[in-house]
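Visitor: Turn this into a model:
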Amino acid sequence: MAEAPVLLDRAQVWRLLQYADLVPRLEVALAKFSRRSDSEEVVQPLRTIIPLTKYRGYLGVMPAYLADDDILCAKMVSFYQREEHCVLPTHHATVLMFDPERGNVTAVMDGTAITEKRTAAVSAISAKVMSCHIQLLMPAQAQVLCILGSGSQAASHYEVFTQMFSFKEIRLWSRRREKAEQFASSVQGPITVCSSAKDAVQGSDVIITVTMASEPVLLGTWVKPGAHVVAVGACRPNWRELDDDLMRKAVVYVDSREAALVESGDIILSGVTVFAELGEVINERKLVQSEKTTVFKSLGMGIQDAVSAKLVFDLWKSQH
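Guide: Here you go, the predicted structure:
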C-alpha cells in the first residue's frame with residue numbers, strides 16, 4: 001500500500017528551492033526539451049486552459065514527464081485579472097508529484113512558490129553565459145536593470161538577477177506607485193522607483209516585464225539598441241506587454257515555440273517569427289545574435305515545474 005503523500009507548504013518549498021541548485025537543473029531540462037524531436041525523453045503537452053469568464057480568471061493544467069529522470073508531475077494553476085485595488089492574489093498553484101511506476105501521488109506541494117522561482121530562474125538563464133562556447137543574450141557590460149511590475153514575480157526576478165549579476169542601477173515601475181514603493185522598501189539594495197515606464201526603460205540594458213497587462217506597457221521606441229527584454233506576463237493569445245515596434249525589430253527567443261504560437265499575444269498579434277527556443281541555443285543549434293535587441297518571451301513549461309518539484313522533494317527526503 002502506498003504511503004500518504006508528503007505535504008509541503010509555501011514556506012518549506014521556498015526554503016528548499018535555492019537558485020544555485022535550480023538554475024543548472026533547468027538549463028539541462030531546457031536543453032532536453034529542445035531535443036525532444038530526437039527522442040521521447042520529454043513528454044509535455046500544451047497546457048489545458050479553462051476560462052472562468054464570470055470571474056475574469058483561468059485555470060491551467062500542466063502535466064509533464066521526463067523519462068530519463070523518471071519525473072512525473074502535474075501543476076494546476078489559476079490566474080485572474082483583478083481590479084486595481086483588489087487585495088486577492090492573481091495566481092494560485094499546486095503541484096502534484098507521482099510515482100511513475102505505480103501512479104500514486106507521492107507529494108503535494110505549494111506550486112505558487114515553484115512558479116515564482118522557476119520562472120525567474122529561466123529568465124536569468126536567458127541572460128547569462130552558459131559556457132565559454134555560448135554567448136547568450138545579456139549584454140556583456142550590462143549596468144542598468146529595469147523591472148516593470150511589482151508583484152510576486154517582480155520579487156523573485158529581483159532576487160535571482162541580483163544574485164547572478166552585478167548591476168550599477170536598478171529601476172522599478174508599477175502602475176500603482178504605492179505598490180512600487182512597498183516593493184522597493186521590502187528588498188535589500190538600492191532601487192529607484194520611476195514615475196513612468198518610459199523613464200524606467202530608457203537607457204536600461206536588461207528590461208523585465210512582469211505585469212498582468214493586456215495592452216502593451218513597453219514600447220520599442222523606449223528600448224535602446226542591444227538591450228535584452230524578458231517578457232513574462234501576457235500569457236494569453238489576446239494579451240500584450242510589448243508593442244509591434246519592439247517585437248518586429250528584436251530577435252525573438254522563447255521557451256517553447258509550440259506554446260508561443262498558441263498562447264503568446266505578443267508573438268501572435270505582432271506576426272513575428274520566433275528565431276529560437278532557449279534550449280536550441282543551449283544545445284548550440286542556434287547562435288545568438290547578441291549585437292541586436294533581443295526578446296525572451298517566457299510562458300513557463302510543465303517540465304520546469306517538474307524539475308523544480310523533484311529538487312524540492314529530494315531535498316526534503318534528505319532531511320527526513
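Visitor: drop to CA atoms for contacts and neighbour counts, all remaining ones
Guide: Noted.
Visitor: Of all the helix elements in the chain, which one is longest?
Guide: Longest helix of the chain, by residue count under DSSP state H: helix 302-318.
Visitor: Buried residues of that helix, list them for me.
Guide: Gly302, Ile303, Gln304, Asp305, Ala306, Val307, Ser308, Ala309, Lys310, Leu311, Val312, Phe313 (16 or more other Cα atoms under 10 Å).
Visitor: Look up how far Val252 lies from the third one.
Guide: To Val252, Gln304 is 20 Å away according to Cα to Cα, to the nearest Å.
Visitor: got the residue ranges for the helices in the chain?
Guide: 10-16, 19-33, 111-125, 152-164, 177-186, 197-201, 244-249, 257-263, 265-270, 278-282, 302-318.
Visitor: For Ile207, list each beta-bridge partner.
Guide: Cys146, Val229 (DSSP bridges).
Visitor: what residues are up against it?
Guide: Leu145, Cys146, Ile147, Leu148, Val201, Ala227, His228, Val229, Val230 (Cα atoms under 8 Å, 6 or more residues apart in numbering).
Visitor: And those, which two are furthest apart?
Guide: Leu148 and Ala227 (14.8 Å; Cα to Cα).
Visitor: Neighbour count for those two, which is higher?
Guide: With other Cα atoms under 10 Å as the criterion, Leu148 and Ala227 differ in neighbour count, and Leu148 comes out ahead with 26 against 23.
Visitor: So that one sits against Leu172, correct?
Guide: Yes. The pair Leu148 / Leu172 is scored as a contact, 6.0 Å apart, by Cα atoms under 8 Å.
Visitor: Now for the two: what residues contact both?
Guide: By Cα under 8 Å, 6+ apart, the residues touching both Leu148 and Leu172 are Ala200.
Visitor: Pick out the residue nearest the middle of the protein.
Guide: Of all residues in the chain, the one closest to the mean position by Cα atoms, centre = their mean is Thr119, 2.7 Å from it.
Visitor: Provide a list of residues in contact with the closest residue to Phe98 other than its chain neighbours.
Guide: Counting by Cα to Cα, 6 or more residues apart in numbering, Val105 is the residue found nearest to Phe98 once chain neighbours are left out, at 4.3 Å. Applying Cα under 8 Å, 6+ apart to Val105 gives the contacts Pro5, Leu96, Met97, Phe98, Asp99.
Visitor: Could I get the contacts of Ile207 in JSON lines, plus columns for distance to Ser195 and pLDDT?
Guide: Listed next are the contacts of Ile207 as JSON lines, based on distance: Cα to Cα, whole Å; pLDDT from 0 to 100:
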{"residue": "Leu145", "distance to Ser195": "16", "pLDDT": "95"}
{"residue": "Cys146", "distance to Ser195": "13", "pLDDT": "97"}
{"residue": "Ile147", "distance to Ser195": "13", "pLDDT": "98"}
{"residue": "Leu148", "distance to Ser195": "11", "pLDDT": "98"}
{"residue": "Val201", "distance to Ser195": "11", "pLDDT": "98"}
{"residue": "Ala227", "distance to Ser195": "21", "pLDDT": "91"}
{"residue": "His228", "distance to Ser195": "22", "pLDDT": "91"}
{"residue": "Val229", "distance to Ser195": "20", "pLDDT": "95"}
{"residue": "Val230", "distance to Ser195": "21", "pLDDT": "96"}
